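Q: Quick one, structure for this:
(one chain, ligands or ions: 1)
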Amino acid sequence: MRLDIVTIFPAFFGVLDVSLLGKARASGLIEVGVHDLRDFTHDRHRTVDDTPYGGGAGMVMKPEPWGEALDSVVTPSSVLIVPSPAGHPFTQATARELATREHLVFACGRYEGIDQRVVEHYSERTEVRQLSVGDYVLNGGEVATMAMIEAIGRLVPGVVGNPESLTEESHEDGLLEYPSYTKPPVWRDLAVPEVLLSGNHGAIAAWRHEQQLARTRAVRPDLLGTADSIEER
Ligand SMILES: Oc1ccccc1-c1ccno1
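A: Got it, this is the predicted structure:
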């Protein structure tokens, strides 16, 4: 997989050289290119924004630098991802799907966003996904891009050492994950649930599934469908 990121804060993505994704880059599983949008400007001030047509507060990112920057990385087989508070929800299912794609390009907008014609232009030439990482507002797309890259990157085969660890996580099966415990068996008078010490794998699996259901009902009932589908789970 190759990732290309266009941003006015390229240094922000230095962290991609460490941790899990750092190893994935070193092993060649994931290639990453970070591009400074200002390198695609031609004026002395390296201008990337201007006042909005129709008035209003803030500034809008100009289409010309974005066009030159994206032309340098986007191909017909790319997925152009534009983080946006107005985007479709980015979910674990989205991450799973995008982890199967060969080339992802992230356009990190700032200010009041990117001139809409950029999305319109590239939507005629490649797959464009406007995606939101949550119902809140950030100052720009960099944090959202980092979250998506981590969620997607860890699903790329070979990136995570033990693939089994990916199957029992929150949202993988539509439910929140069960609580986890390790040694010691008692800590500050708090004991590990007996069933986990029983060695009865059937009972353990049943207890864990019930914990997932209970947690999901309590914390994220929106993840559950109709009553029937709950019982089926
Ligand atoms: O709030 C934003 C500003 C710019 C780019 C993306 C976002 C955002 C908010 C939630 N998901 O993405």
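
Q: Pull the contacting residues for Gln92.
A: Ala151, Ser170, His171, Glu172 (C-beta atoms under 8 Å, 6 or more residues apart in numbering). For every residue, glycine as well, the C-beta is placed using N, CA and C.

Q: can you tell me if the biggest strand by length in the chain touches the ligand.
A: Scanning the chain for the strand with the most residues, using DSSP state E, yields strand 79-89. Yes: for strand 79-89, a contact with the ligand is found by C-beta under 6 Å from any ligand atom, at Pro83, Ser84, Pro85.

Q: other SSEs contacting that strand?
A: helix 92-98, strand 103-107, strand 127-132, helix 141-153 (3 or more C-beta pairs under 8 Å, 6 or more residues apart in numbering; DSSP states H and E).

Q: now do 10 Å
A: Packing contacts for strand 79-89, counted by 3 or more C-beta pairs under 10 Å, 6 or more residues apart in numbering; DSSP states H and E, involve strand 2-7, helix 92-98, strand 103-107, helix 116-123, strand 127-132, helix 141-153.

Q: Check which residues of that strand are buried.
A: Judged by neighbour count (16 or more other C-beta atoms under 10 Å), strand 79-89 contains these buried residues: Val79, Leu80, Ile81, Val82, Pro83, Ser84, Gly87.

Q: So for that strand, mean pLDDT?
A: In this model, strand 79-89 carries a mean pLDDT of 97.

Q: Just want the angle from it to helix 141-153.
A: For strand 79-89 against helix 141-153, the angle between stretch directions is 100 degrees (axes from the mean of the first three to the mean of the last three C-alpha atoms, to 10 degrees).

Q: Tell me how far the nearest residue to Arg129 once chain neighbours are set aside lies from the ligand.
A: In space, Arg129 comes closest to Ile81 once its chain neighbours are excluded; the distance is 5.1 Å by C-beta to C-beta, 6 or more residues apart in numbering. Ile81 is 11 Å from the ligand, where distance means C-beta to the nearest ligand atom, to the nearest Å.

Q: for Glu164, same thing?
A: With distances taken as C-beta to the nearest ligand atom, Glu164 is found 30 Å from the ligand.

Q: Could you look up the SS state of that residue?
A: helix (DSSP: H, G, I helix; E, B strand; the rest coil).

Q: let's have the chain start at 39 instead
A: All right, first residue 39 from here; so that's Glu202.

Q: can you list the residues of the chain near the ligand?
A: Pro121, Ser122, Pro123, Gly147, Ser170, Val171, Gly172, Val175, Leu176, Gly178, Gly179, Ala182.
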